[in-house]
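Q: fold the following, please.
(one chain, ligands or ions: 1)
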Amino acid sequence: MLKLVIIGGGNVAQHLAQAFANARDVALLQVYSRSAVPPGTFPAGVEQIHDLNDLTDADLYIVAVSDNAIADVIKSLPFSGRLVAHTSGMTPLEIEGSNYNAVFYPLQTFSKGREIDYSAIPVCIEASERLHLQILRIAATAISANIHYTNHGQRSALHAAAVFVNNFVNHMYVLGDEICRDNNLPFDILKPLITETAAKVQELMPADAQTGPAKRNDTNTIQAHLAFLQSDELKEIYSQLTKSIQKHVKEL
Ligand SMILES: NC(=O)c1ccc[n+]([C@@H]2O[C@H](COP(=O)([O-])OP(=O)(O)OC[C@H]3O[C@@H](n4cnc5c(N)ncnc54)[C@H](OP(=O)(O)O)[C@@H]3O)[C@@H](O)[C@H]2O)c1
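A: Below you'll find the predicted structure:
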């Protein structure tokens with residue numbers, strides 16, 4: 001049984017704790033969080049600590065704290081020679097001034113309180129030693145069937161791509177919601193369109209799934225939209241994305 005400790009109290013720490021608490025082959029011994037968390041945040045039966053000096057012996061420590069804090073937290077660990085992995089998409093494998101070189105990056109968007117099917121989440125693992133990779137693989141396999149061996153370049157590329165397909169797309173929802181509200185329409189009207197757009201790319205390549213006035217080069221409609229939009233910010237975003245779609249359509 002692999003002995004695991006999670007360090008962090010945020011979105012990823014909470015989701016990983018939930019996933020590992022239900023996993024066979026892994027015993028989640030402790031969760032460290034800097035601040036106290038409300039009761040029920042972490043699974044029952046898992047010891048919660050708030051002092052790094054109280055960390056117990058484990059085969060793997062997963063550090064799920066803000067990117068800016070990873071190096072400081074890892075350097076503050078009161079032991080050496082154990083396997084410590086961070087969960088960041090962009091932070092390098094090698095942490096300057098530290099001997100701990102491992103990554104356990106779950107490629108998913110995590111928000112507190114949202115239920116997720118962990119078994120489908122791609123988990124990217126990296127380590128400089130073969131034995132460490134084997135331990136990371138045991139941990140990853142305990143919660144997911146979708147494991148990938150990456151390097152820092154590949155992980156950075158995945159993280160950048162994820163910002164486009166997740167964070168930027170969600171921001172488009174925010175802007176779409178604003179346009180609806182300004183015109184006394186509920187955002188709910190757009191939900192079937194959002195669902196179908198996400199479903200289509202499960203079967204079609206994204207370029208093949210593209211539709212809309214930019215793809216068709218319907219210049220009258222594009223000009224009408226630009227005239228309709230009130231804010232300079234929305235006009236600018238609309239124009240840039242239209243140009244990007246048209247450039248990609250030409251290159252096909
Ligand atoms: N959210 C995602 O969708 C996602 C997906 C994949 C990977 N990741 C990565 O996972 C990591 C954690 O992200 P998250 O979304 O869980 O962040 P989060 O919800 O903002 O939580 C960050 C946690 O880090 C703790 N922290 C910050 N500075 C600390 C310090 N100096 N010492 C101890 N704890 C400290 C915070 O503690 P306090 O509450 O006390 O401030 C908080 O518990 C990041 O590396 C992120 O890039 C995130």
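
Q: name the residue of the stretch 1-150 of the chain with the shortest distance to the ligand.
A: Relative to the ligand, the nearest point of the stretch 1-150 of the chain is G10 (1.9 Å; Cβ to the nearest ligand atom). C-beta here means a position set from N, CA and C on the backbone, and glycine is covered the same way.

Q: for Q14, see how far away the nearest residue to that residue once chain neighbours are set aside is.
A: Once flanking residues are discounted, G10 sits nearest to A64: 6.7 Å by Cβ to Cβ, 6 or more residues apart in numbering. Distance of A64 to Q14, computed by Cβ to Cβ, to the nearest Å: 9 Å.

Q: the more surrounded of these two?
A: A64 (27 against 23; other Cβ atoms under 10 Å).

Q: check the more buried one and give its pLDDT.
A: In this prediction, A64 carries a pLDDT score of 98.

Q: again with R24
A: R24 is given a pLDDT of 89.

Q: counting neighbours, what do you get for it?
A: Neighbours of R24 (other Cβ under 10 Å): 7.

Q: ok, it - contacts?
A: Neighbour list for R24: A142 [criterion: Cβ atoms under 8 Å, 6 or more residues apart in numbering].

Q: surely the residue nearest to G10 meets F20?
A: No. Counting by Cβ atoms under 8 Å, A64 stays clear of F20, with 11.5 Å between them.

Q: shared neighbours of those two, anything?
A: Shared contacts of A64 and F20, defined by Cβ under 8 Å, 6+ apart, comprise I6.
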